[in-house]
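Trainee: Sequence and predicted structure below; questions after.
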Amino acid sequence: MAWPGMEKYQNERIIIHLDYDCFYASVVENERPGLRSLPLGIQQKNILATCNYVARAQGVKKLQLVSEAKKTCPNLVIVNGEDLSRFRDASKKLWLYVREFIWEYKVERLGFDEVFLDVTQMIDFNIANLNLADFPASVLPTCTLASNLACTNADDDKLVEEAADQGIGFFRLSLTDPKRGFSFSWGKLPGHTYPLNDALDLRVLPESDHSSQSLEDDGLDCKVHNDFHQTKHTKHRLHRRLFLAAHFADFLRNSVKETYNYTVSAGISTTKLTAKLAGSVNKPDKQTLLIPAATQSFLDGHEIGKIPGVGFKTAQVLREELLGVVQGGAPEGSSVAEVAFYDKLTHPVTIHDIRRKLTLDRLSQVLDSKEQARKLYGWLHGVDTTPVAQTSLIPTQISIEDTFRSLKGTKQAEQVLIQLVTKLITRMHIDLLSPLPTPTTSTPTPTTSLQRWLACPRTFRLSLRPRDMTGPYSARISKSAPLPRYVFARDSCAEALAGRLVRDVGLPLLRKMGKVGEGELQLVNVAVVNMEESKAGEAVMAGVDIEKVFAGKKVTAEGSRNKNDEDMDWEKEVREIERVYKMLGEKGVEGDHKLAEEIDGISNEEDTIVDGQNLGIVGVMKPIDNQIEPGIGEDLWVKADDNGELSDMDGNGTDIVPAEAPTLRPIAHLRTKSRLDFSELEMEDEVGSPSARGVVCPKCGMGVLLFALEAHARFHEMERREQEK
DNA sequence: CTGGGGTCCT
DNA sequence: AGGACCC
């Protein structure tokens, strides 16, 4: 057969899929519990990313336009969710929590709100220990005698039935510690099943295997398959394992709820595909176990596009293969997307339809690769061998983006880039720097110096979406360039690094995009990609003592030279940059400036000398209509209006004004440190040389380079808004 | 008047 | 560099 041994593998694993209910809304509700009883929507630009169940009860839908949602639910409470930080943090927190329960960390994250768990080993271990769990002694999990007695004759059905009569079982969470675990009732299957069956008794449910049935329908050779399911013991064993998994899922859901106050929906099955689909059957705060015998009929009822992995394109291709080009009900001149949308409504195509009418050969012709066809063919029959991938603690990419109604010109693009890149660098610190050694005991640790980079992104990428676009909606254009090493200077402030990065890489890439870069932009995205993990990073993540790893590295360095050396290479380079940085400037503008000189090999000594005196920090402010010339030591302000918009009277960037304007609220207070020289300003616009011109922010004492000023002011504004809540 | 992220494959 | 997919 096409998949030797596949059917065996099919029922070998036990997979749990967890889905945090309306996640963004739950995060906000946990921050502000008062919102829990109100209809709540999370807004991103014009759309509701999600909403809570109170809102759904009033007709609000996910991904609905805000305007429409307000119509159907006038009292909808709307919270902006464009900044994903809080959601990312919460997601990571929950993931790390769940991860600790699962052996070998077989936990795969999908988006922010879903995880797949491969609990096969945990279940099989507990199945093997049934006798331990089910004898009366097991009610007392401390019984080590029982542990010694543990004989693995779980094959004996009688034993299991006896065990059931005992009432309570104990599910062990640790291979080594018999006390770690939870008690469960043998008499009750937690949560729901599909199909719904009150009388269902999984412990002894009679078997009729779904996939052997369906594969026979298709006239395939399933000898191996049938053989595998021949014995009674095997059939019953699968049900027992799923029964235990349902208890485990229940335990996990309750744990997450008690610890972090998030409700979770769960699906329990033998593959990722079926576990995920099963979880959608009963939704919020519920779990569903898919009875194996029902798998085929369960799948058959689903629309083809519901299969994870069959997206918009594939679904449409399959639909057309079955029905021809239907254009059912779509208005004249509709886009491809609209046609597909109407097709879906007027001509729903189910898994059953596809499975019955399209052979594997036919699928191979229709889809782009043979491999895709094979996978899909398996999915149609509930066969999915995709393993649960252990999600790494180090992301493969970090990206930040923003969309606009209209963004024109390099000037505006530069401002946007600086904002985005500042956030990007901040994210690099959060996601790629080793966790600080817990500040509880002995050492009153300094700040970043004890942290290490766990990975080094090699590439910076700029992506744009032009506004006009005739083609498919998603069309983006991107260009990449090597990421300069200086962004890894950990003590340098994000704004300063962002300014340099935008100047050195961002703007050049933008220019490289030609007309698109200059035209109207709908979306700007910046990303770091191409992560190169450091050995130290892996060690830190695995909880290994980092110093030992480095010590050991010297000794073992002879063997595998290649990758190790590369790692050492950049880590060493970063340390060197930081050493220079510390020596020269310690903190702030001066340090950044001197660092820039050192790295770029550019000397700007002249720039820092004014009137024959080296002032170190030189302030140059942008004049408004060339009328205002602030002097040395004068107080300056960045201001905002009532909406929090930073003052920008001439449209050329945030104003920095010398006196308080009555209608505007001061955001950042700046003080010039030297004579202001406007001729320097012109020079900067032209050449964009590493700039020593900057000011000291009295709010945080940080030196801020001119090009980073707006971003820095915005940072304080964001802080202030956070504190208002 | 279609978010702001992510993954992997080609 | 882009495209498909996921949330």
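Mentor: Structure received.

Trainee: and A:Ile127, what is it in contact with?
Mentor: Listed by Cβ atoms under 8 Å, 6 or more residues apart in numbering, the contact partners of A:Ile127 are A:Ala154, A:Arg237, A:Arg240, A:Arg241, A:Leu244. For every residue, glycine as well, the C-beta is placed using N, CA and C.

Trainee: Wait, a helix at it?
Mentor: Yes: residue state for A:Ile127 (DSSP: H, G, I helix; E, B strand; the rest coil) corresponds to a helix.

Trainee: and chain A, which residues reach DNA strand C?
Mentor: On the criterion Cβ under 7 Å from any atom of the strand, DNA strand C has as its neighbours in chain A the residues A:19, A:110-114, A:307-315, A:461, A:472, A:474-480.

Trainee: same thing but at 6 Å, please
Mentor: With Cβ under 6 Å from any atom of the strand as the criterion, chain A meets DNA strand C at residues A:110-111, A:113-114, A:308-314, A:472, A:475, A:477-480.

Trainee: Which ChimeraX command selects the buried ones in those residues?
Mentor: In ChimeraX syntax, the buried subset of those is picked out as below (16 or more other Cβ atoms under 10 Å):
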select /A:110,113,114,310,314,479,480
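
Trainee: In helices only, show me the residues of chain A next to DNA strand C.
Mentor: Of the residues of chain A next to DNA strand C, the ones assigned to helices by DSSP state H are A:Phe312, A:Lys313, A:Thr314.

Trainee: ok, the last one touching A:Leu367?
Mentor: Put plainly, it is A:Thr314. Yes: with contact defined as Cβ atoms under 8 Å, A:Thr314 counts as touching A:Leu367 (6.9 Å).

Trainee: Now the common contact residues for the two.
Mentor: Here A:Thr314 and A:Leu367 have A:Leu376 as joint contacts, going by Cβ under 8 Å, 6+ apart.

Trainee: still on that earlier bit, so can I have JSON lines of the contacts of A:Ile127 showing neighbour count?
Mentor: Converted to JSON lines, the contacts of A:Ile127 look like this (neighbours: other Cβ atoms under 10 Å):
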{"residue": "A:Ala154", "neighbour count": "22"}
{"residue": "A:Arg237", "neighbour count": "18"}
{"residue": "A:Arg240", "neighbour count": "23"}
{"residue": "A:Arg241", "neighbour count": "23"}
{"residue": "A:Leu244", "neighbour count": "25"}
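
Trainee: so which of those comes closest to DNA strand C?
Mentor: Sorting the contacts of A:Ile127 by how near they are to DNA strand C, with Cβ to the nearest atom of the strand, puts A:Arg241 at the top with 25.6 Å.

Trainee: mind listing what that closest one touches?
Mentor: Shown here is A:Arg241, whose contacts under the criterion Cβ under 8 Å, 6+ apart are A:Ile14, A:Ile123, A:Asp124, A:Ile127.

Trainee: buried sites along the helix or strand that contains it?
Mentor: Per DSSP states H and E: A:Arg241 is located in helix A:232-260. Going by neighbour count (16+ other Cβ under 10 Å), the buried part of helix A:232-260 is A:235-253, A:256.

Trainee: Given whichever strand or helix holds A:Gln522, what are its sheet partners and their directions?
Mentor: Assigned by DSSP H and E, A:Gln522 belongs to strand A:521-533. Strands that pair with strand A:521-533, judged by DSSP bridges, come out as strand A:397-407 (antiparallel), strand A:455-466 (antiparallel).

Trainee: Kindly compare burial across those and name the winner.
Mentor: Burial among the strands paired with strand A:521-533, expressed as mean neighbours by mean count of other Cβ atoms under 10 Å, is greatest for strand A:455-466, which shows a mean of 21.

Trainee: That one and DNA strand B, are they touching?
Mentor: No: remark: strand A:455-466 sits outside contact range of DNA strand B, by Cβ under 6 Å from any atom of the strand, the gap being at least 8.8 Å.

Trainee: Using PDB, write down the CA coordinates of that strand.
Mentor: Taking C-alpha atoms only, strand A:455-466 is exported to PDB below (Å, rounded to 0.1, in the frame of the first residue of the first chain):
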ATOM      1  CA  ALA A 455      20.000  33.700  18.900                       C
ATOM      2  CA  CYS A 456      21.300  36.000  16.300                       C
ATOM      3  CA  PRO A 457      19.000  37.100  13.400                       C
ATOM      4  CA  ARG A 458      21.200  37.500  10.300                       C
ATOM      5  CA  THR A 459      18.800  39.300   8.100                       C
ATOM      6  CA  PHE A 460      16.700  42.400   8.200                       C
ATOM      7  CA  ARG A 461      13.600  42.500   6.000                       C
ATOM      8  CA  LEU A 462      11.400  45.300   4.900                       C
ATOM      9  CA  SER A 463       8.000  44.500   3.400                       C
ATOM     10  CA  LEU A 464       5.500  46.800   1.900                       C
ATOM     11  CA  ARG A 465       2.100  46.600   0.500                       C
ATOM     12  CA  PRO A 466       1.300  49.300  -2.000                       C
END
